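**Q** what follows is a predicted structure for the sequence shown.
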Amino acid sequence: MMLSLPVDKPLFLLFLAFSQVVFILILYRHGASSLLQGFLISPQDSWDYSKTHNVYTNLSAFTLHSDGKMTHCPLKSPILVGPITVVFTKLPSERGIVKKNPYVQSGGQYKPPHCLAHYKSAIIIPHRNRELHLRYLLYYLHPFLQRQQLQYRIYLIHQAGNGTFNRAKLLNVGVKEALKNEDWDCLIMHDVDLIPENDYNLYICDNRYPKHMSSAMDKFEYSLPYWSYFGGVSALTPGQYLRMNGFPNTYWGWGGEDDDIFMRIQLAGMAVSRTPLNLGHYKMVVHNRDKGNQANKKRFTLLKRTKRIWKQDGMNSLDFQLISIEEAKLYTNITVDIGDTPILPPEKSKETWTFL
Ligand SMILES: *[C@@H]1O[C@H](CO)[C@@H](O)[C@H](O)[C@H]1NC(C)=O
Ligand SMILES: *[C@@H]1O[C@H](CO)[C@@H](O)[C@H](O)[C@H]1NC(C)=O
Ligand SMILES: *[C@@H]1O[C@H](CO)[C@@H](O)[C@H](O)[C@H]1NC(C)=O
């Protein structure tokens, strides 16, 4: 049977036009804010990633201001180049990185020496047994952030002991400790193995909504693995973070916590602002899954509870033991004991799926 569309009926055409307007409105409800805020420079439609620049290019233009009267940095950093060359062929030495970043101070902190920064961002990296990835990240991230004329500090949140890894809980710890240091404008949650590939991908927050930055990772062929993906690198203001009671503390092992975070954002009445795919390029340092970070088999069960318990599981239920805070040359190393997987009581067998 042929389906004939009544395209000649004016009412139908009106309906078509109307549904397109609705579609565009839905699309831009979340999209427009990300285009207007958080990206001061409207991103180009297409970047040419076959033409890349060294991340240290022209960084030496930012030298000490001589006459003592500093003014604000220009809103658009004058040395941004777009696509950055990222390769993992030769592991840089720590001494080498220190030498190439003369203005980075103890604890991995930096303020532009030539102007007053507009933004203060804390970079928070959950960590254990990933020293080589960390080295690559520091080599690329320090000059990357300086290119953007930010005031920043890199925090490593190091999970002590051999217990199961808990990324989201480490991030909660990082936020709590970082906010004791400084009144940060923006908290950047950063996986240790992801290197940004475009310096127009600004490490600042979107004041409206939590921003997902690693929208195009090489391991997913530079696209989103699924539409609600929130893993990798994201940026939240302290206000946004507290509004959703931070992240869950109850996801031990690999997976699930980022989906929980995505749900919390909606439950707290916010939406996700997504860095455009052509800008959110990241390269991942290849590795096998670590010991002590096996896939979390409970993750799907846990996700069913999120709607019910997000207000009780998060920043307001965070408990941990601070073991040490060391100011290394290139980062602040915060070592914590966050405990280990609790033995959960068996879940009731007939639980209904209550997604959002
Ligand atoms: C570096 O700065 C110089 C001088 O301002 C400029 O001519 C050159 O284009 C810059 N290089 C890049 C890659 O932007
Ligand atoms: C962790 O594991 C290593 C190697 O298996 C062992 O030497 C070390 O004592 C363990 N540490 C703790 C705190 O259990
Ligand atoms: C961080 O500090 C802890 C405790 O001193 C130490 O065991 C660990 O190796 C440090 N990690 C890094 C990457 O500096």
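**A** Yep, that arrived. Residues are numbered from 1 along each chain as shown. Ligands and ions are numbered 1, 2, ... in the order given.
**Q** helix/strand/coil for whatever residue of the chain ends up closest to ligand 3?
**A** Proximity of the chain to ligand 3 (C-beta to the nearest ligand atom) peaks at N333, 3.7 Å away. Using the backbone N, CA and C atoms, a C-beta is placed for each residue, glycine as well. At N333 the chain is in strand, as set by DSSP: H, G, I helix; E, B strand; the rest coil.
**Q** tally of neighbours for it?
**A** 18 (other C-beta atoms under 10 Å).
**Q** pretty sure it contacts E326?
**A** Yes - with contacts counted by C-beta atoms under 8 Å, N333 reaches E326, the gap being 4.4 Å.
**Q** next up, the contacts around H158.
**A** H158 sits next to 127-128, 333-336 when contact means C-beta atoms under 8 Å, 6 or more residues apart in numbering.
**Q** swap that for T341, sorry
**A** By C-beta under 8 Å, 6+ apart, the residues touching T341 are 163-164, 252-253.
**Q** give me the subset of the residues you listed lying in strands.
**A** Among the contacts of T341, no residue falls in strands (DSSP state E).
**Q** report the buried members of these.
**A** Among the contacts of T341, those scoring as buried are 164, 252-253 (criterion: 16 or more other C-beta atoms under 10 Å).
**Q** could you list which of those residues also contact ligand 3?
**A** Checked against ligand 3 using C-beta under 6 Å from any ligand atom, the buried ones among the contacts of T341 give no members in range.
**Q** a markdown table for those, including distance to K100 and pLDDT?
**A** Output for these, formatted as a markdown table (distance: C-beta to C-beta, whole Å; pLDDT from 0 to 100):
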| residue | distance to K100 | pLDDT |
| --- | --- | --- |
| T164 | 36 | 92 |
| W252 | 38 | 90 |
| G253 | 36 | 90 |
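**Q** mind putting those residues in a markdown table, distance to H281 included?
**A** Listed next are the buried ones among the contacts of T341 as a markdown table, based on distance: C-beta to C-beta, whole Å:
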| residue | distance to H281 |
| --- | --- |
| T164 | 31 |
| W252 | 31 |
| G253 | 28 |
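**Q** returning to what we had before: tell me what the residue of the chain closest to ligand 3 is bridged to.
**A** L156, E326 (DSSP bridges).
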